[in-house]
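Enquirer: below are the sequence and a predicted model; questions follow.
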Amino acid sequence: MAAITQYSAPGSTAGRLALRRWTVIPATYLAAIVAVGLTVVPLLFVVVDGFRTNGDINSSPAGLPHPWVGGNYTAILKSASFWEFLGNSALIATVATTMTLVLGSMAALALSQYDFRGREFFYTVFVSGLLFPIGVGALPLYLLLQRLGLLDNQFGVALPEAAFALPITMIILRPFLRAIPGELQDAALVDGATRFRYFLQILIPLAKPALITVGLLAFVTSWNQYLLPLLVLQTSSHFTLPLGTYTFQTQYSQNDAGIMAFTAMAMLPALAVFMFAQRYLVAGAAGAVKG
Amino acid sequence: MSRSTAIEAGLGPAAAEQSAAAGPLRARRWRSPRLRKKTELTILLAPGLILFVGFVFVPIVIAAYYSFYNWSGYGPLNDFIGFRNYSYAFKDPAFIQAIEHTLDLTVASVVIQGPLAIGIALLLNRKFFGRGFLRTVVFAPYVLPPAVTGVMWSLILQPGGFADQVLKAFGLGGLVQLWLANVHIVLFTVFVVLTWQYLGFGIVLLLAGLQNIPNELKQAAAIDGAGPWQVTRRITLPLLAPTIRIWGFITVIGSLQIFDVVWILTQGGPANASGTISTYMVLEGVDSTDFGFASAIAVILFAFCFVFALIYQRFALRRDTQGALTRAVG
Amino acid sequence: MRSSRALAAVALAVTTATAAAACSSGSSSSTPSAATGGGASSSSSSGTTAKVTLTWWNNATNQPLLGVYQAAIKGFEAAHPNITITNVPIQNELLQDTKIPLALEGSNPPNIYQQWGGGVLGQQVTSGKVDNITADVSSWIGTISGASGWQANGQQYGVPVDLHVVGFWYRKDIFKKVGITVPTTLAQLESDDAKLRAAGYAPIAVGSKDRWPDAFWWEYFALRDCPQSTVTAAIKSESFGASCFGTASTDLAAFLKTNPFQTGFLGTSSQQGAGSSAGMVASGKAAMELQGDWDPSVMQGVSTNKNLSSELGWFPFPQTPGSAGSQTAVLGGGDGYSCTGSQQQAQACAEFLEYLDSPSVQAQIVGPGASGEPVLTSESSAITLPATQTAAAYFKTASYEELYFDTALPTKPGQNLDTAIADYFSSPSSSTAAAIANSPSTP
């Protein structure tokens, strides 16, 4: 088993190996299964409930679909607005994530690779943005966006989203960038590279795990953001997926089955992005340092 | 240069500095290194700073300004009341309760989710079949919008709902409670749901941190006779500590501000038994069209977070900045 | 160092610029501007008829009311070719809590928007954006009922389009099965509850999580225990200190002691999804619910029960003989709309509201639209659901109608009242009762 060979020290007794094989390893896998079960079952709940009718959910909240109704899902797939929402969400999330990554890494570079007076002040300014609940800033933000003519505009959503993602980006990126030893830069400069080239070609690739994490966070946050799109977007053809969820809620009631189906579909792209990106959350960094 | 540098880098930038005590070599190509540096700095820092100040900082400052007014959100700001919003908040038992609950949730998040996340991250760092899939599964709850999490768990937790049925199926029927209606239990229920939602985030963050730990270190230790637990305890965890500290910071701040899931699950009820500072703010401020009051609560929450951030920065995160400081190119 | 100072200067400049921009934009007037984003409205005179465009924000996001409104727009535009109306349905809570307050603070609020009258409308009027349409509607406002709820300072700032009344919605089939009849007094209700519980049903469902369903209970006890003048005065002065309100609290506590509600009622929502109180009545787990006449619509959405419309019945809040208040007062409200924008837009808006209050559209709203009772009482016969017809008929005979307190009061006192009552439901005691009495006046 991989877990054992990685650490098997020469000369360990058969007894010790056997103990590990029969208790510790199964225990960890059991724990993993329980953890996965607890995680997955509620999610399956969402997916499966999308195949039910509301009356069905009402009469037996925990049961399996009876009958299995594909209508919710097909209605969503067929509705033009779902794809519109999807497109808008994708556009906004991509723009916001890109801006976050670019501007965030630039700022993190500035605050980690340079020593200047006032550096900690600027870092604190960024971090302080995290400490204030966004909902209360909604009114001034709305007025500002109105003033800038950014209402009902996807950029009016993406720009503030990128701005709000910067604090967490700084918190994660700066320590990562700092941990990379300074000799690398010295070596690069000696070899004739400019500082910027060092940043682009050596430092940033080394920080890939952190960048992936930051990008994922920014993407998911933007994907699920509903307050900002609610404030900014007026015409329904500009709406994002979370706003679309509300079309299943009327003045008086809530189409649970519809919401579940819609949510299940809305989650897929974000999960797909994650599945793709997590591949890069590997120790690609170690190689570079070895030289 | 390779392996020893790697080990030094892993074990502390200060050690690395010693090895470079010969002094940094400076390329002599630039005319005025200081001017060059300032320009670079401005190019790098300004765009993000401007975006942030414009869209985040300024609205926050304006919102804080509202807190000194008795203002419904309609019409002009013309009823200046100084700190009255603040004094009223602290005299309201519901607010004090909200603070207590928020602190409870925060401490529990760190103390319980921390070890869980670390353990699972360590597990998921090993190579095994289906690792990528498992990572996605573990992260998936975080991808779910908090509002939908609330709706889903409301369904699961209703009397006689899925949770109760599962417990009965395992013969644990005696544990069944009114998860969301019992004022003594509801906060605990909320915590479980929050853990479900946010654990994945911690795991992914810690996974990223684990990537920075070179495998050679662990293999070297193993060759020297260390068992896997010792490797974890003496090498992996200490090297993971900076990431753990970042996770702690983000978790505390996030817990102090927690809103969406709690709101959908319980609206802070019943009878304020699960109210947090943010739900109090929305209930008493936003939903009551008392924007001035809402802003005051937000400022109080900000103050909590800020004080924590300062203390944390000073004691916990300082160690991460010390060594790096000396290595930053001046 | 100079570099950081330069940066600080940049930051400061940006700060002051954006602060100036954001601060000053809050004081714009309500004159129309060129279309920027939503709520677009423009008017230009071109010869004899001025073209007017209006946006309409309402919460009819789904059928059947959505279709009724769309047809109404078509009919109106046909009769008024110079007026164009854009329908913007928005989910209810988002509309009320977020979109409307923001829009009224910005420079381009929607021309026709939904609100529920009372003190909340009064607060919105202070924004200066809501048009005074007294003159525009004076010719026909007398023909509809309930218009007084949409006044502020004696002036008409909005118009109701349908009315609602709160009463008991019950399952006739369950009552028959258990062998009980519709209660007319509180004592009878309590004994009916006992029989229902013995038969395994939750006698009454309540969505206590949302707080306002609890408020219906307390407010009805208040209507029974307090004379009308006391109630009106209390709402106006925003204080429930009069002793009869204490009696209402005590009566409510006594009623709560009879264990009338479903298990875990403190955590049940009233309308959201399968486990709500409406859902419980729809699925037959509970026998009745004290709710507004929107309840049947809610139940339709969460039930596969096809026979619901014939199984549902209605009866008014039971009487409490010997108490000081009116035995036939009802709690209720309605949906209405207000106008913003220029003089021309306000006029066009008022004309549209007149159209919505005309007989044919009223019949549509309460018939297929299933939205409560009409403001034009002549159209009550258009109501299709038998239970709602019962409610409408009783409505006509009620001694007076009181707007639900949390709408009659301005928002904050109203919300405080709801919260205090919900706390009381959780633990009835003298201190929580006192909290109710004081609640509206807490700043």
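Expert: Okay, I see it.
Enquirer: B:G48 and A:L101 touch, don't they?
Expert: No: in this structure, B:G48 is not within contact of A:L101 by C-beta atoms under 8 Å, at 10.7 Å. (Each C-beta comes from the backbone N, C-alpha and C, glycine too.)
Enquirer: is the residue nearest to A:Y114 when sequence neighbours are not counted within a helix or a strand, and which one?
Expert: Once flanking residues are discounted, A:Y114 sits nearest to B:L41: 5.6 Å by C-beta to C-beta, 6 or more residues apart in numbering or on different chains. For B:L41, the host element (DSSP states H and E) is helix B:33-52.
Enquirer: mind giving me the packing neighbours of that helix?
Expert: For helix B:33-52, the elements it packs on are helix A:80-113, helix A:119-128, helix A:154-179, helix C:2-24, judged by 3 or more C-beta pairs under 8 Å, 6 or more residues apart in numbering or on different chains; DSSP states H and E.
Enquirer: so for the third one, mean pLDDT?
Expert: Over the span of helix A:154-179, the pLDDT mean works out to 90.
Enquirer: the longest one now?
Expert: The average pLDDT for helix A:80-113 rounds to 92.
Enquirer: okay, buried residues for that helix please.
Expert: A:82, A:84-86, A:88-93, A:95-97, A:99-101, A:103-113 (16 or more other C-beta atoms under 10 Å in any protein chain shown).
Enquirer: now do that helix and helix B:33-52, the angle between them.
Expert: Interaxial angle, helix A:80-113 versus helix B:33-52 (axes from the mean of the first three to the mean of the last three C-alpha atoms, to 10 degrees): 150 degrees.
Enquirer: near chain C, anything from helix A:80-113?
Expert: No: figure legend: helix A:80-113 not in contact with chain C (C-beta under 8 Å from any C-beta of the partner chain); closest approach 9.3 Å.
Enquirer: that helix - contacts with which helices or strands?
Expert: Counting contacts by 3+ C-beta pairs under 8 Å, 6+ apart, helix A:80-113 is packed against helix A:119-128, helix A:154-179, helix A:208-224, helix A:241-245, helix A:256-277, helix B:33-52.
Enquirer: okay, these in TSV with mean neighbour count next?
Expert: Below are the helices and strands packed on helix A:80-113 laid out as TSV (neighbours: other C-beta atoms under 10 Å in any protein chain shown):
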stretch	mean neighbour count
helix A:119-128	18
helix A:154-179	25
helix A:208-224	24
helix A:241-245	24
helix A:256-277	21
helix B:33-52	19
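Enquirer: give me the buried positions along stretch B:214-233.
Expert: For stretch B:214-233, burial by neighbour count (16+ other C-beta under 10 Å) applies to B:P214, B:E216, B:L217, B:K218, B:A221, B:A222, B:A226, B:G227, B:P228, B:V231, B:T232.
Enquirer: scratch that, stretch C:380-392
Expert: By 16+ other C-beta under 10 Å, the buried positions in stretch C:380-392 come out as C:S380, C:A382, C:I383, C:L385, C:A387, C:T388, C:Q389, C:T390, C:A391, C:A392.
Enquirer: what comes into contact with it?
Expert: C:165, C:167, C:169, C:293, C:296, C:309-310, C:312-315, C:362-364, C:366-368, C:370, C:372-374, C:393, C:396 (C-beta atoms under 8 Å, 6 or more residues apart in numbering or on different chains).
Enquirer: restrict the buried residues of stretch B:214-233 to those near chain A?
Expert: B:P214, B:E216, B:K218, B:A222, B:A226, B:G227, B:P228, B:V231.
Enquirer: burial of B:L310, as a residue count?
Expert: Number of residues near B:L310 (other C-beta atoms under 10 Å in any protein chain shown) recorded here: 12.
Enquirer: where does chain C have low pLDDT?
Expert: Counting by pLDDT under 70, the ranges of chain C that qualify are C:1-49, C:274, C:441-443.
Enquirer: show me what contacts the spatially most central residue of it?
Expert: The residue lying closest to the centre of chain C (C-alpha atoms, centre = their mean) is C:W116, at 5.1 Å. Neighbouring residues of C:W116 by C-beta under 8 Å, 6+ apart: C:G333, C:G334, C:D335, C:G336, C:T407.
Enquirer: quick one, domains of the chain?
Expert: The chain I'm using is chain A. Using automatic domain parsing, the domain parsing of chain A gives A:2-49, A:80-290.
Enquirer: my question was about chain C, not that one.
Expert: When chain C is cut into domains by automatic domain parsing, you get C:43-164+C:333-390, C:165-332+C:402-441.
Enquirer: among those, which is nearest A:I172?
Expert: Ranking the domains of chain C by proximity to A:I172 (C-beta to C-beta) places domain C:43-164+C:333-390 first, at 30.7 Å.
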